[in-house]
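# Dropping the sequence and predicted coords here.
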Amino acid sequence: MGSITIRNVSKTFGEAKVIPNIDLEINDGEFVVFVGPSGCGKSTLLRLIAGLEDVSGGQILIDGKDVTEAAPAERGLAMVFQSYALYPHMSVRNNIAFPLKMANMDQALINKKVEGAAKVLNLTDYLDRRPGQLSGGQRQRVAIGRAIVREPSAFLFDEPLSNLDAALRGTMRLEISDLHYQLKTTMVYVTHDQIEAMTMADKIVVLNRGNIEQVGSPLELYKSPRNLFVAGFIGSPRMNLIEGDYARSKNAKTVGIRPEHLLPSKQSGLWRGTVTVAEHLGADTFLHANVDGLGPITARVDGEFGVKHGETVYLTPDESKLHRFDDKGLALGPALTGA
Amino acid sequence: MARRITNRRKVVISLIAWSIALALFFPILWTFLTSFKTEGDAVATPPQFLFFHWTTENYIEVQARSDYFLHFFNSVVIAVGSTLIGLAIAIPAAWAMAFAPTKRTKDILMWMLSTKMMPPVGALIPIYLIFRNMGLLDSRWGLVGVLTLINLPIIVWMLYTYFKEIPGEILEAARMDGASLMKEIVYVLTPMAVPGIASTLLLNIILAWNEAFWTLNLSTSEAAPLTTFIASYSSPEGLFYAKLSAASTMAIAPILILGWFSQKQLVRGLTFGAVK
Ligand SMILES: Nc1ncnc2c1ncn2[C@@H]1O[C@H](COP(=O)(O)OP(=O)(O)O)[C@@H](O)[C@H]1O
Ligand SMILES: [Mg+2]
């Protein structure tokens, strides 16, 4: 079991109100990702759940039980830190065994569990090394091992992959997703990387300046962002946001169109632009163009699209996929074609 | 282009480094050599370097005239005693400042350091009078007390910089892992803090061992450490360079040996934790 309820929680550090007021429900077994720009309060919210910070107001419930005043260890949660936070003076074996020792578990059982975890995480050959003798990816796996042996009711991850190189990040992303599939334990995962959020989450919580902008599945956020912030944050490359006459013609202050919803052509189209950069990735092409009267627009084309810097390109938006926003930046509902 | 270190440059830098090292080491070498000369050879012009009549009579005479082992014992008691008491006070203090800092922590640290900027002679008369009135002159406990206070700011500073280096997330991880405060201290904090404490201990023993101002002014015979023992050869019946050198050699030998065997810890200590 591992459902977490956050009720009216606020947090201030001295004068600074980092989290004004948050309500959130995390269901048992869910993979929830907190995503948002750096400094928006993701780590603070996670640390409030962990009990490493005290709330300034509100309540935190785990499985319906009020743990607002409970010490971290009493909450039955395990945390994986950005810096891994391994014990440098202990072997990998003792690092993984530490929480079990603290629970006064029988030594034979500890050994069995540690070896089991090491096997799952490919660490069997490294059990007698110190953390300092391991690579970044291995250290990360030790930190995860230390978390899983406890069989916590939920895992908390704070940007666990941000110290790894891109290739390793991809692999570890899959490993963590796979782990969630096997364990079916609640996971709360903090990241500033929307790709991690999109690929791993059952439910994404978009945070901005300590406020929740939107909660939803990755596809919900992609298809119907509630406001400009979410629209700009979710999706890569970013959604094109256009103001001015074109937006007014759609009865909106701003309209958004994702790069993949623009049809490019070398002959004709609604908008005429000049290519500034064309990124040819093979499987698809990112076109950055300067469109007359609109400014810089990015389009994403499946497969190869042979244009170079300085050439003319025509782009036509798929108007059924337009996002419209009012002057407060709130979404106006689906675009009305022909409006 | 990467910077090329040419051979000529290497030779020049090596030469400079060796010259500086020799210049620094030369007085100690000269003292050591002089301690094996006769008083006549010791003051001969031109100075005799290696080809003189080697003798150990200075050592025999120094030991006969003043009890080396009494002063050695005093030095050990004063250096080790003041260091241990200092650590007992400084560990909790540095701990609190490193892990639970307040707005004033930096000011307190600066204030502590500022006490080391005052010339000690400024406090000599009051302290001398306090010592005299309390009957602490020429007592080991008096010297232990005053050296504890003299070196306390340095001990606190060194420990503070070490404790600051211990990442807070590791302590938080231990808390998440279910460690009680006691277990956190025993299994996580102490093992990570011990190297820093050991460096501080060694460096402070050396500082206390070599401290001359207070020990010279507050002790005469019974409690006198080796610093006073050396000084006693520089005045009473005129200068006796050879015997003075023998006394100096005997006084610095123990600490040199200690330093030699604990080089690694000491380098860490002297760089104040700058290298990991
Ligand atoms: N212990 C603290 N004391 C004061 N301010 C803090 C503390 N921890 C975090 N903050 C502030 O709270 C804000 C949110 O921080 P954080 O939760 O770490 O952001 P994120 O993890 O989203 O990058 C930041 O502006 C940060 O400076
Ligand atoms: Mg963070």
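Happy to help now that I have it. Numbers count the residues shown, from 1 in each chain, chains lettered A, B, ... in the order given. Ligands and ions are numbered 1, 2, ... in the order given.

# measure the closest residue to ligand 1 within the stretch 1-150 of chain B to A:Asn163 for me?
Closest to ligand 1 within the stretch 1-150 of chain B is B:Pro101: 11.1 Å, counting by Cβ to the nearest ligand atom. Just so you know, the C-beta spots here come from the backbone N, C-alpha and C atoms, and that holds for glycine as well. To A:Asn163, B:Pro101 is 26 Å away according to Cβ to Cβ, to the nearest Å.

# Check B:Ser114 too.
Counting by Cβ to Cβ, the gap from B:Ser114 to A:Asn163 is 40 Å.

# neighbour-wise, which of those two wins?
The neighbour comparison of B:Ser114 against A:Asn163 (other Cβ atoms under 10 Å in any protein chain shown) goes to A:Asn163, with 15 against 10.

# picking that back up, what is the neighbour count of the residue of the stretch 1-150 of chain B closest to ligand 1?
That count, for B:Pro101 with other Cβ under 10 Å as the rule, works out to 14.

# Tell me which stretches of the stretch 151-300 of chain A form strands.
A:154-158, A:186-191, A:203-208, A:211-216, A:240-243, A:254-257, A:262-265, A:271-280, A:284-291, A:295-302 (DSSP state E, counting those that start in this stretch).

# Could you list the domains of the chain?
Let's take chain A. Domain assignment for chain A by automatic domain parsing gives A:4-229, A:240-325.

# you looked at the wrong chain, it should be chain B
Listed by automatic domain parsing, the domain ranges of chain B are B:2-57, B:67-270.

# among the ones you listed, which is nearest chain A?
Smallest distance to chain A across these (Cβ to the nearest Cβ): 3.9 Å, for domain B:67-270.

# Tell me the residues of chain A that contact chain B?
Residues of chain A lying close to chain B (Cβ under 8 Å from any Cβ of the partner chain) are A:50, A:52, A:71-73, A:77-79, A:81-83, A:85-89, A:98-99, A:102-103, A:146, A:150.

# and A:Ala147, what does it touch?
Contacts for A:Ala147 were tallied using Cβ atoms under 8 Å, 6 or more residues apart in numbering or on different chains; they are A:78-80, A:155.

# ok, now with 6 Å
A:78, A:80, A:155 (Cβ atoms under 6 Å, 6 or more residues apart in numbering or on different chains).

# How about A:Ile212?
Going by Cβ under 6 Å, 6+ apart, A:Ile212 touches A:Val205.

# That one and chain B, how far apart?
For A:Ile212, the distance to chain B equals 25 Å [Cβ to the nearest Cβ, to the nearest Å].

# where does the chain have its least confident helix or strand?
Picked chain A for this. strand A:331-334 (a mean of 80; mean pLDDT, DSSP states H and E).

# I was after chain B.
Going by mean pLDDT, DSSP H and E, chain B bottoms out at helix B:263-270, a mean of 69.

# Closest residue of the stretch 101-250 of chain B to ligand 1?
The stretch 101-250 of chain B approaches ligand 1 most closely through B:Gly168 (9.8 Å), counting by Cβ to the nearest ligand atom.

# For that residue, which non-adjacent residue is spatially closest?
Nearest residue to B:Gly168, sequence neighbours excluded (Cβ to Cβ, 6 or more residues apart in numbering or on different chains): B:Phe99, at 7.6 Å.

# what number of residues lie near the one you found?
If we define neighbours as other Cβ under 10 Å, then B:Phe99 has 13 of them.

# Spatially, which residue comes closest to the residue in the stretch 151-300 of chain A that chain B sits nearest to, not counting chain neighbours?
Nearest residue of the stretch 151-300 of chain A to chain B: A:Leu156, at 8.4 Å (Cβ to the nearest Cβ). Spatially, and ignoring its direct neighbours in sequence, A:Leu156 is nearest to A:Met79 (4.3 Å; Cβ to Cβ, 6+ apart).
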